[in-house]
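Trainee: Pasted the sequence and its predicted model underneath.
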Amino acid sequence: MDTVDRFAFTSLGEFLAELKVLIKIRLSISVVFSAVAGYLLAADPIDLKNLLFLGVGGMSLVSASNAFNQVIERRLDALMKRTQTRPLVTKRMTVSFALVVAFSLTLLGAAMLFILNLKTALFGLLSVLLYVALYTPLKTKTPLSVFVGAFPGAIPFMLGWVGATNQFGIEAGTLFMIQFFWQFPHFWALGWILHEDYTKGGFKMLPTGARDKKTAFQIVVYTIWTIATAVIPVFGFTGRLHLSLVAAGLIFLLGIYMLVPALKLFQTLEERHAKALMLRSVIYLTLIQITFVIDRFLTS
């Protein structure tokens, strides 16, 4: 049984620092950013109270998923350099406490999203279920885990739209597809960089299992799919979700900005291009979401 020194934390700040690692605070915030962007694209008028419920609910569910993930993978995390200092690995936090945190955050998140509407709460809970019950255990079984993980990873952007409208239609589906295709170049770039560490933990994160031309080719293909999907709203058949020509042009250029290191990775197979791709993919997603929102208010 896992044990812990219950007086390991010498201060509240130290405890909160470990808690932030358990819930992966920066990742959780980035996910909430996507949900808020989706809400701002749909809400008319914008209700700050509902926006708060969405933010707290989304943050809670993502944090819960991350806590559950670390409980399940704590022994594998001990094998990898980048995760060896996590609180469950060092036993500065008990498994039972982490589970209390995870279940509490799940209940809080579901309640907050239910206040918006039932659909939003169900999609939020579905993302937790897919991440914890399917994606996490599949990571050591098959590279297809990234495909499975792309589903919960793509939910936040469209979750905001559903939270604002109580509808899942072509608009929410388009937002889902943008973030769905984006998952592949982003996480395969990360898998490329951390391939040796992931191998120590038994994780199968690259589509071919190796940093080779076939993996790099798939990265390029999914980057192109991401670029194409993101500009679809300019053509006018995605309902209330639309883009002006200027915004679509800017989003396309941002896509090229992400595509360049993907093409270089295919040419050279050098890790530095995978690092550039991972960084640019984060910049790309953030900036296109901001562009969508600004364009909505400038053209409405």
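Mentor: Now that the structure is in, tell me what you want to look at.
Trainee: use CA for all of it now, contacts and neighbours both
Mentor: Noted.
Trainee: any idea where the helices of this structure begin and end?
Mentor: 12-23, 25-42, 48-72, 74-77, 87-90, 95-116, 118-129, 136-138, 145-165, 170-193, 195-201, 213-231, 245-268, 271-299 (DSSP state H).
Trainee: Confidence-wise, which of those helices is weakest overall?
Mentor: Mean pLDDT per stretch puts helix 12-23 lowest among those, at a mean of 89.
Trainee: hmm, back to that, out of the helices of the chain, flag the one nearest Gly239.
Mentor: Taking CA to CA, helix 170-193 is the member of these nearest to Gly239, at 6.1 Å.
Trainee: Mind listing what's buried along that closest one?
Mentor: The neighbour-count check on helix 170-193 (16 or more other CA atoms under 10 Å) flags 171-193 as buried.
Trainee: ditto for stretch 222-229
Mentor: For stretch 222-229, the neighbour count (16+ other CA under 10 Å) marks Tyr222, Thr223, Ile224, Trp225, Thr226, Ile227, Thr229 as buried.
Trainee: Show me how this protein divides into domains.
Mentor: 1-167, 169-300 (automatic domain parsing).
Trainee: end to end, how far does the shortest one reach?
Mentor: Right, the one you point to is domain 169-300. Domain 169-300 has an end-to-end distance of 20 Å (CA to CA, to the nearest Å).
Trainee: quick revisit: point out the one among the helices of the chain that comes closest to Thr238.
Mentor: Closest of the helices of the chain to Thr238 is helix 170-193, at 5.6 Å (criterion: CA to CA).
Trainee: then the closest one to CSV, C-alphas only?
Mentor: The C-alpha trace of helix 170-193 is given here as CSV (Å, rounded to 0.1, in the frame of the first residue of the first chain):
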residue,chain,number,x,y,z
ILE,A,170,-22.6,22.0,-37.5
GLU,A,171,-21.0,24.9,-35.6
ALA,A,172,-20.0,22.8,-32.5
GLY,A,173,-19.0,19.9,-34.8
THR,A,174,-16.7,22.2,-36.8
LEU,A,175,-15.0,23.5,-33.6
PHE,A,176,-14.6,19.9,-32.5
MET,A,177,-13.0,18.8,-35.7
ILE,A,178,-10.5,21.7,-35.7
GLN,A,179,-9.2,20.7,-32.3
PHE,A,180,-9.5,17.0,-33.1
PHE,A,181,-7.1,17.1,-36.1
TRP,A,182,-4.8,19.5,-34.2
GLN,A,183,-4.2,16.9,-31.5
PHE,A,184,-2.2,14.6,-33.8
PRO,A,185,0.7,16.9,-34.9
HIS,A,186,0.9,18.3,-31.4
PHE,A,187,1.1,15.1,-29.5
TRP,A,188,3.2,13.2,-32.1
ALA,A,189,5.7,16.1,-31.9
LEU,A,190,5.7,15.7,-28.1
GLY,A,191,6.0,11.9,-28.5
TRP,A,192,8.9,12.4,-30.9
ILE,A,193,10.8,14.6,-28.4
